[in-house]
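> Next input, structure requested:
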Amino acid sequence: MYDLAVRSVAKLEKYCIQEGFKGWDPFDGLNSRLFQAIPIIRETRLFRLLWIQAFKKSPYNLRKITGVKKDFNSKAMGLFLSGYSNLYRKTNEGEHLEKIAFFVDKILERQNKDYSGACWGYNFDWQARAFFQPKNTPTVVASVFVASALLDAFEITKTEALLKTARSTCDFILNDLNRTYDKDGNFSFSYSPLDKSVVFNASLLGTRLLARVYSLTHEAQLIEEAKKSAKFCINYQKENGSWSYGTLPFHHWIDNFHTGYNLECISDYMNYSGDNSYRIPLNKGFKYYIENFFTEQGFSKYYNNSIYPIDIHSSAQLIITLSKLNKLRENKELVDKVLNWTITNMQSKEGFFYFQVNKNFSSKIPYMRWAQAWMFYALTTYLKS
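Below you'll find the predicted structure:
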């Protein structure tokens, strides 16, 4: 399996380099020149939502005919940076160090400087059911993955400016995100400064970065706030070990990779903080995750209650979650089964990975963030472990 993973990541890297690490995204439909040219559609929430969903769900790529250009995505660059940090730790090769420098530069160029600290958003307007996010609106998810990647690079290069930037992202989290409190004073961070939604994986990502930076700077405020936000989200764990995506009525689904986010964030919080209070919830959550989202054939289910769609992000997340929880080797049979099926059925001859496999059709659009960046990070994590 190791040799297959080596060949797979080499093909994927070749494709991404040929594309200049630019690409499309499942949610970039509002970047369409056609859409932007029709004001009545552009300015109506329902039309924005329907347009994005049409682009996301269609097995045909509507982007070329409607004028959506490939572009850099900050979160994708963070994932690639973490992937190349994995490769450098394994090989010490100069070409990987050059890629680290490349992505650091690109990431720092694209940070949003209108908030309390360094932060990043997406390169497209995004209409969700809960909120609308204009292009480059910083989110806790994008910002944490980017800041975490900068810390990965800092561990290799010892460049203090990278630590300083990641510490600055903590200011964004603490000062610019809205909070939802429980009766005990614990709280959830909002997804962005523009909404007040409670999304557990998003808030826990903020928790994780605060704890990781605390482990380097030892600032009491960081870990105090991290403890409160961790406690809030863990209190919403269901008896069977699962979490809904969030608290809004239309956020009550349970899915694969967001569950993986929750688990790795709780694990990292404990490792960085030294607070082992949540070992039982973590183990309960892991048991639910491993028993409900993967099949004997190697399928990675998107939802807990249906096999399809088989989403590339779910396959990638298995490797990352198990690595973070130090459970990759003890679950190697499952990992190898999932990885073998994914490479065999979801990687193209050109090297890129497909978006989703459905029961009656597949979406083979080469999304750079959702598919390529995640699989690059996952494969390099597998090779490093």
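
> Can you list phi and psi of residue 127 for me?
Dihedral pair for residue 127: phi -100, psi 110, per degrees, to the nearest 10.

> go on, residue 305?
Torsion angles, degrees, to the nearest 10, at residue 305: phi -120, psi 10.

> so what's it closest to, chain neighbours aside?
Distance criterion Cβ to Cβ, 6 or more residues apart in numbering; nearest residue to residue 305, sequence neighbours excluded, is residue 254 at 7.8 Å. C-beta here means a position set from N, CA and C on the backbone, and glycine is covered the same way.

> Neighbours of the one you found, how many?
Neighbourhood size, residue 254 [other Cβ atoms under 10 Å]: 18.

> Equivalent analysis for residue 256, please.
Count around residue 256 with other Cβ under 10 Å applied: 24.

> surely it meets residue 306?
No - Residue 256 is beyond contact range of residue 306, at 10.9 Å (criterion: Cβ atoms under 8 Å).

> Which SSE is immediately downstream of the top strand by length along the chain?
Longest strand of the chain, by residue count under DSSP state E: strand 306-311. Going down the chain from strand 306-311, the next helix or strand is helix 312-324, by DSSP states H and E.

> what mean pLDDT would you report for that following helix?
Taken as a whole, helix 312-324 has an average pLDDT of 97.

> ditto for stretch 184-198
In the prediction, stretch 184-198 has an average pLDDT of 96.

> mind listing what's buried in that stretch?
186-195, 197-198 (16 or more other Cβ atoms under 10 Å).

> Ok, stretch 53-63 next?
Per 16+ other Cβ under 10 Å, stretch 53-63 contains these buried residues: 55-56, 61, 63.

> List the contacts of it.
24, 26-29, 32, 68, 358, 361-365 (Cβ atoms under 8 Å, 6 or more residues apart in numbering).

> which residues touch the lowest-mean-pLDDT helix or strand in the chain?
The helix or strand of the chain with the lowest confidence, counting by mean pLDDT, DSSP states H and E, is helix 39-42 at a mean of 82. Helix 39-42 is contacted from outside by 30, 35-36, 47-48, 51, using Cβ under 8 Å, 6+ apart.

> what mean pLDDT would you report for the next helix or strand after it?
Remark: after helix 39-42, the chain's next helix or strand is helix 45-57, criterion DSSP H and E. The average pLDDT for helix 45-57 rounds to 91.

> Please state the offset of helix 45-57 from the chain centre?
From the chain centre to the centre of helix 45-57 is a distance of 22 Å (Cα atoms, centre = their mean, to the nearest Å).

> do the same with stretch 29-49
With Cα atoms, centre = their mean, you get 26 Å for stretch 29-49.

> Run through who's touching stretch 349-369.
Taking Cβ under 8 Å, 6+ apart as the rule, stretch 349-369 contacts 11-16, 19, 21-26, 58-59, 61, 70, 73, 75-76, 79, 302, 307-312, 342, 345-348, 370-372, 375.

> so who does residue 120 touch?
74-75, 78, 107, 110-112, 138-139, 142-143, 146.

> Recalculate using a threshold of 6 Å.
By Cβ atoms under 6 Å, 6 or more residues apart in numbering, the contact list for residue 120 reads 74, 111, 138, 142-143, 146.
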